[in-house]
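Novice: Output the structure for:
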Amino acid sequence: MSATPIVAPFPATRLRRLRRTERLRALTAEVNLTPANLIWPIFVTEIAGGEGEIASMPGVHRLTLDGAKRAAERAMDLGIPAICIFPHSDPDLKTDTCERAWDPENIGNRAIRAIKEAAPELAVMTDIALDPYNANGHDGIVRDGVIVNDESVECLVKMALTQAEAGADILGPSDMMDGRIGRLRAALEEAGHQDVAILSYAAKYASGFYGPFRDAVGASGRLVGDKKTYQINPANRDEAMRCVARDLAEGADMVMVKPGMPYLDICRMVRDQFAAPTFAYQVSGEYAMIEGAVRQGWLAREVVMESLLAFRRAGCDGVLTYFAPEVAEQLG
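Specialist: Residues are numbered from 1 along each chain as shown. Just a heads-up that it's a prediction; the model follows:
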């Protein structure tokens with residue numbers, strides 16, 4: 001229960017007293033941000049010449065495996081505890097059946113092994129969804145225009161097991177298929193991967209903020225239809241709470257809200273209602289808006305830190321953000 005503030009009448013109370021100096025403001029800050037609150041998403045490419053800056057995400061680059069190793073070493077130096085891998089896969093090898101998703105030699109699994117070799121203590125998070133390897137651009141298997149749930153879950157389980165075998169510490173199911181957390185948890189236990197954590201994208205919305213991400217992973221123009229039959233309607237809060245409750249009950253260790261800033265109310269509700277480790281993803285569209293406005297001179301760079309403090313104020317334990325290395329450097 002929230003405390004009822006007791007405020008003496010002016011001039012006994014002058015709220016500006018505690019804002020007077022930088023030291024006083026720091027002393028009375030209600031939340032803080034440290035590098036330990038950050039997860040750094042990176043894109044790793046298997047396409048020759050595919051590395052380089054992403055036009056719709058200025059300042060963010062696709063990396064080779066060697067680049068991913070350097071990013072991992074940089075994360076360790078900056079005190080960032082985890083890095084999250086997203087694959088930029090060869091479009092000529094994408095299929096309707098998505099079998100490359102569980103190939104031990106796909107670019108995602110190779111990146112896990114490379115990063116673990118370069119920075120063994122860094123936590124490696126992965127993405128579990130079929131879209132990087134799906135000719136239809138969907139997170140699940142498509143049959144006659146329908147994204148089928150149960151068959152997709154079986155594919156996701158195979159994908160998760162190969163990632164765990166490759167050395168992933170945290171699995172991030174982002175697909176929003178029903179029942180996948182329970183199946184993933186059971187399969188991990190059975191295969192002896194009981195210590196691999198699941199950070200479920202439990203409240204993932206059918207958002208328009210994902211566009212630059214699809215450019216980054218080479219999915220733009222491939223998506224057939226939309227993802228509204230499996231991602232949450234942006235109008236709904238109670239449905240998001242049911243999704244979070246389900247995923248925690250099925251064995252998720254942590255939960256995520258995605259996107260981030262447009263859904264801070266959901267972050268706050270999840271934290272207050274479930275008291276579970278709660279994360280948010282400051283997605284590609286959020287990054288592009290902020291970075292683009294800063295580069296145009298329309299906003300000061302301090303809005304980057306302000307945006308991340310908003311997540312902490314809303315109750316998030318951590319944030320996936322492309323600003324992670326910049327902010328960690330700034331925090332010292």
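
Novice: Now do the buried residues in stretch 158-176.
Specialist: Buried residues in stretch 158-176, counted by 16 or more other C-beta atoms under 10 Å: 159-176. (Glycine included, C-beta is placed from N, CA and C.)

Novice: just stretch 33-48 next, same as before
Specialist: 33, 35, 37, 38, 39, 40, 41, 42, 43, 44, 45, 46.

Novice: Output that stretch as CSV - backbone C-alpha positions only.
Specialist: C-alpha atoms of stretch 33-48 as CSV (Å, rounded to 0.1, in the frame of the first residue of the first chain):
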residue,chain,number,x,y,z
LEU,A,33,20.4,3.5,-13.0
THR,A,34,23.6,1.5,-13.2
PRO,A,35,25.2,-0.7,-15.9
ALA,A,36,23.8,-3.7,-14.1
ASN,A,37,20.3,-2.7,-15.2
LEU,A,38,21.2,-3.0,-18.9
ILE,A,39,21.0,-5.8,-21.5
TRP,A,40,22.6,-4.9,-24.8
PRO,A,41,20.9,-6.3,-27.9
ILE,A,42,23.2,-6.9,-30.9
PHE,A,43,22.7,-8.1,-34.4
VAL,A,44,25.0,-10.8,-35.8
THR,A,45,25.2,-11.4,-39.6
GLU,A,46,26.2,-14.5,-41.5
ILE,A,47,26.0,-12.7,-44.9
ALA,A,48,29.2,-11.7,-46.5
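
Novice: Return the distance of that stretch from the chain's centre.
Specialist: Relative to its chain's centre, stretch 33-48 lies at 9 Å (C-alpha atoms, centre = their mean, to the nearest Å).

Novice: what about the longest helix in this structure?
Specialist: helix 149-166 (DSSP state H).

Novice: list the helices and strands whatever helix or strand comes next after that one packs on?
Specialist: For helix 149-166, the following helix or strand on the C-terminal side (DSSP states H and E) is strand 170-173. Other elements packing on strand 170-173 under the criterion 3 or more C-beta pairs under 8 Å, 6 or more residues apart in numbering; DSSP states H and E are strand 82-88, strand 123-128, helix 149-166, helix 180-190, strand 197-204.

Novice: Mind checking which of the buried residues of stretch 33-48 are in helices?
Specialist: Short answer: those have none in helices (DSSP H).

Novice: Of these, which is the nearest to residue 26?
Specialist: Nearest to residue 26, judged by C-beta to C-beta, of these is residue 33 at 12.1 Å.

Novice: and the gap between that closest one and residue 316?
Specialist: 10 Å (C-beta to C-beta, to the nearest Å).

Novice: Next: residue 219.
Specialist: 27 Å.

Novice: Compare neighbour counts for those two and give me the winner.
Specialist: residue 316 (25 against 20; other C-beta atoms under 10 Å).

Novice: contacting residues around the closest residue to residue 153 other than its chain neighbours?
Specialist: Of all residues not flanking residue 153 in the chain, residue 180 sits nearest, at 4.8 Å (C-beta to C-beta, 6 or more residues apart in numbering). If you count contacts by C-beta atoms under 8 Å, 6 or more residues apart in numbering, residue 180 has them with 128, 152, 153, 156, 157, 173.

Novice: Settle this for me: the last one is touching residue 156, isn't it.
Specialist: Yes: with contacts defined as C-beta atoms under 8 Å, residue 173 counts as touching residue 156 at a distance of 6.6 Å.

Novice: shared neighbours of these two, anything?
Specialist: 128, 129, 180, 184.

Novice: Could you report the distance from the residue lying closest to the last one once chain neighbours are set aside to residue 95?
Specialist: What it means is residue 184. Excluding the flanking residues, the one nearest residue 184 by C-beta to C-beta, 6+ apart is residue 160, at 5.2 Å. As for residue 160, its distance to residue 95 is 19 Å (criterion: C-beta to C-beta).

Novice: same check, this time on residue 253
Specialist: When distance is defined by C-beta to C-beta, residue 253 is 32 Å away from residue 95.

Novice: Next: residue 27.
Specialist: Residue 27 is 58 Å from residue 95, by C-beta to C-beta.

Novice: Look at the two and report which has more neighbours.
Specialist: Set side by side, residue 27 and residue 95 show more neighbours around residue 95, with 12 against 9, by other C-beta under 10 Å.

Novice: pLDDT below threshold where in the protein?
Specialist: Scanning the chain for pLDDT under 70 picks out 1-2, 220-221.

Novice: redo that, cut-off 90
Specialist: 1-7, 211, 214-225, 332 (pLDDT under 90).

Novice: Tell me where the stretch 201-332 of the chain has strands.
Specialist: 254-258, 278-282, 318-321 (DSSP state E, counting those that start in this stretch).

Novice: Take those and write them to JSON lines, including mean neighbour count.
Specialist: What follows is the strands of the stretch 201-332 of the chain, written out as JSON lines (neighbours: other C-beta atoms under 10 Å):
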{"stretch": "strand 254-258", "mean neighbour count": "26"}
{"stretch": "strand 278-282", "mean neighbour count": "27"}
{"stretch": "strand 318-321", "mean neighbour count": "24"}
